[in-house]
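Colleague: Okay, here's the prediction I keep looking at, along with the sequence it came from:
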Protein chains: 2
Amino acid sequence: METKINRRKLVALLTGAAGVGAAATVAAHADQLGMKNDPAEVLQKVPWPYKPLDPEKTAQRGFDGYYKSECMYGAFEAIVGSVVEQLGSPYKNFPFSMMKYGGGGVHGWATVCGSVNGASAAIQLLSPEPDALIDSLFEWYEQTPLPDVHPAAAKFPQIRSVSGSPLCHQSIAHWTKVSGKPAYCPERSERCGCLTASVARYAAIMLNKQMAGKPIVALGLPKRTRGCMSCHEKDGPVQDIRTKMECGGCHAPEMSKHPPNSQG
Amino acid sequence: METKINRRKLVALLTGAAGVGAAATVAAHADQLGMKNDPAEVLQKVPWPYKPLDPEKTAQRGFDGYYKSECMYGAFEAIVGSVVEQLGSPYKNFPFSMMKYGGGGVHGWATVCGSVNGASAAIQLLSPEPDALIDSLFEWYEQTPLPDVHPAAAKFPQIRSVSGSPLCHQSIAHWTKVSGKPAYCPERSERCGCLTASVARYAAIMLNKQMAGKPIVALGLPKRTRGCMSCHEKDGPVQDIRTKMECGGCHAPEMSKHPPNSQG
């Protein structure tokens, strides 16, 4: 059976239920890229079109997503999922569940906090100038008492801690110290859900700001870390590392025995 | 202007230049999911269809990708890009360049090694049982003298090192110690390109094995790390951390002053 179709009908068909506005966005993006035959080709072009987000709704969505598929999925889906709802197909078909891999610092290995990993991926996908946003996110995450969001569905009193590191391992270890709770308990799990909400919210605020042409404020590295880096980082006399992380989060014991000038 | 089209023509149109085999894969996947109207919907369904990879070609592609958009992109694109070439549209339209964010342990923050971050994302996207593959990848990465691939285009003599950690920071710091080279130099950069090739190759071998129904061999955690975890991890008397990382990569100073039973 054959049916008659023109370009407009084809685009409408491919964008499915997303409506006329979304179809127009896809068509405009496709035209801009000189694409005619394959509507899914627009997916390749990074950054994707952005739509301003409601930070509080994004936070709630991050919290809900955490309980579905952990922290990386929660943060990434809260941000990108909220944008693609407004863009329709093909964007809305991104394989979101792949982001489950980053849970617990990548499948429980406690490397980079999954919410930061997911938010950074979302920023790269949606921002024309992602670098300043990712740096600002990491500095804020290291230095701020978090979580700073407490969704209505959260059951436990909130205990905030400063991670001093973007790593899941340090972030949780510092929270167990401050809270007196073990690393495996419902309170810790809820804390990570709230943290996912905080990170998704902060990223949404920054993306909104950047898209509105407003300046992105960064906290900068702490003084003692700048002291370490003056020797160990680029152009220093030792130059044996490449990092932007705070040093004290992991290396406090060595730092206490180190020449004073390196402690800032 | 209108043109006549049927379902077969539409699928062929959407899969573009990928050919009849790819169109058949997309159509089969769409039918299996009960999808009729939006060919891009198949993207949502994780895992994506897998096609066996040539490990050596995947390694070379990882090395080339590293010099295009750094380590996370290099590893992810080498694996997933090689598969989607065989699947055609819509899979081939994945926004690969978003993976640039993970370079240097996420935008230079030296958290998780980008090649491991990218390979883990690829495994989650392509494997029906990703957990064992990701654990095996991390254990191999921590304990093996790497890089173990030396592409023909590599210019410098290869210096291998054991990272003792999945973190970019430790991986590079240990290499600078073994090589005597600084963290910022062409040799270090090439080493990370070769490492990206090694990780992409290892992931391709594991994916091929799993898809062929062969067992996945894991190295397991070192004895001294198991000693630490018997107190600090789940069900231990302290239980203040959640991780699978080796402890000695960062905590050697504390471990040397710690009760002997914790050093395995």
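Modeller: Ah, there it is.

Colleague: Okay, helices next: where are they in chain A?
Modeller: A:7-14, A:19-32, A:55-76, A:82-87, A:114-126, A:130-143, A:168-179, A:186-211, A:223-232, A:248-256 (DSSP state H).

Colleague: Turn those helices into CSV, including distance to chain B, mean pLDDT and mean neighbour count.
Modeller: For glycine as for every other residue, the C-beta is placed from the backbone atoms N, C-alpha and C. Output for the helices of chain A, formatted as CSV (distance: least, CB to the nearest CB, whole Å; pLDDT from 0 to 100; neighbours: other CB atoms under 10 Å in any protein chain shown):
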stretch, distance to chain B, mean pLDDT, mean neighbour count
helix A:7-14, 6, 45, 16
helix A:19-32, 10, 61, 16
helix A:55-76, 9, 98, 24
helix A:82-87, 11, 98, 20
helix A:114-126, 4, 98, 30
helix A:130-143, 4, 97, 22
helix A:168-179, 4, 97, 22
helix A:186-211, 8, 98, 24
helix A:223-232, 8, 91, 18
helix A:248-256, 5, 80, 16
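
Colleague: Put together CSV for those, with distance to B:D148 on each row.
Modeller: Compiled in CSV, those are given as follows (distance: least, CB to CB, whole Å):
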stretch, distance to B:D148
helix A:7-14, 45
helix A:19-32, 42
helix A:55-76, 28
helix A:82-87, 40
helix A:114-126, 26
helix A:130-143, 31
helix A:168-179, 27
helix A:186-211, 35
helix A:223-232, 28
helix A:248-256, 28
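
Colleague: Out of those helices, which is closest to B:L195?
Modeller: helix A:114-126 (19.4 Å; CB to CB).

Colleague: Give me the packing partners of the closest one, helices and strands only.
Modeller: helix A:55-76, helix A:130-143, helix A:186-211 (3 or more CB pairs under 8 Å, 6 or more residues apart in numbering or on different chains; DSSP states H and E).

Colleague: Tell me how far the first one lies from the chain's centre.
Modeller: Mean-position distance between helix A:55-76 and its chain equals 10 Å (CA atoms, centre = their mean, to the nearest Å).

Colleague: Leaving out chain neighbours, which residue sits closest to A:K155?
Modeller: Take A:K155 and drop its neighbours on the chain: the residue closest to it by CB to CB, 6 or more residues apart in numbering or on different chains is A:E190, 6.5 Å away.

Colleague: same deal with A:V217?
Modeller: Sequence neighbours aside, A:S136 is the residue nearest to A:V217 in space, at 7.0 Å (criterion: CB to CB, 6+ apart).

Colleague: Quick check: the one you found touching A:M206?
Modeller: Yes: between A:S136 and A:M206 there is a contact under CB atoms under 8 Å: 6.2 Å.

Colleague: Please enumerate the shared neighbours of these two.
Modeller: Jointly contacting A:S136 and A:M206 under the rule CB atoms under 8 Å, 6 or more residues apart in numbering or on different chains are A:I216.

Colleague: give the contact list for the closest residue to A:M206 other than its chain neighbours.
Modeller: What sits nearest to A:M206 in space, not counting adjacent residues and going by CB to CB, 6+ apart, is A:L133, at 4.9 Å. The contact partners of A:L133, by CB under 8 Å, 6+ apart, come to A:123, A:127, A:203, A:206-207, A:210, A:216.

Colleague: do you know how far A:L133 is from B:S179?
Modeller: Using CB to CB, to the nearest Å, we find A:L133 at a distance of 34 Å from B:S179.

Colleague: Closest residue of the stretch 151-264 of chain A to chain B?
Modeller: As assessed by CB to the nearest CB, chain B sits closest to A:T243 within the stretch 151-264 of chain A, at 3.4 Å.

Colleague: backbone phi and psi for that residue, please?
Modeller: phi -160, psi 170 (degrees, to the nearest 10).

Colleague: Model confidence score at the residue nearest to it when sequence neighbours are not counted, please.
Modeller: The shortest distance from A:T243 to any non-neighbouring residue, by CB to CB, 6+ apart, is to B:A110 (3.4 Å). You'll see B:A110 listed with a pLDDT of 98.

Colleague: Does B:A110 touch A:C250 like I think?
Modeller: No: B:A110 is beyond contact range of A:C250, at 11.3 Å (criterion: CB under 8 Å).

Colleague: Tell me which residue is most central in chain A.
Modeller: A:A119 (0.9 Å; CA atoms, centre = their mean).

Colleague: how far away is it from B:P151?
Modeller: 33 Å.

Colleague: Over to A:G104?
Modeller: A:G104 is 33 Å from B:P151, by CB to CB.

Colleague: Equivalent analysis for A:Y202, please.
Modeller: Distance, A:Y202 to B:P151, using CB to CB: 40 Å.

Colleague: do A:A203 as well
Modeller: In terms of CB to CB, A:A203 sits 36 Å off from B:P151.

Colleague: cool, A:V199 as well?
Modeller: A:V199 is 37 Å from B:P151, by CB to CB.

Colleague: what's the answer for A:L219, then?
Modeller: Distance, A:L219 to B:P151, using CB to CB: 40 Å.

Colleague: what does A:G65 give?
Modeller: Between A:G65 and B:P151 the computed distance is 39 Å (CB to CB).

Colleague: Equivalent analysis for A:L53, please.
Modeller: Counting by CB to CB, the gap from A:L53 to B:P151 is 42 Å.

Colleague: So these two - more neighbours on which side?
Modeller: More crowded of A:L53 and B:P151, by other CB atoms under 10 Å in any protein chain shown: A:L53, with 24 against 18.

Colleague: Burial check on A:A153, number of neighbours?
Modeller: Neighbour count of A:A153, defined by other CB under 10 Å: 11.

Colleague: Test my guess that it contacts A:A59.
Modeller: No: contact between A:A153 and A:A59 fails when scored by CB under 8 Å: they sit 11.8 Å apart.

Colleague: from memory A:S171 sits against A:T111, does it?
Modeller: No: assessed by CB under 8 Å, A:S171 is found out of contact with A:T111, at 11.1 Å.
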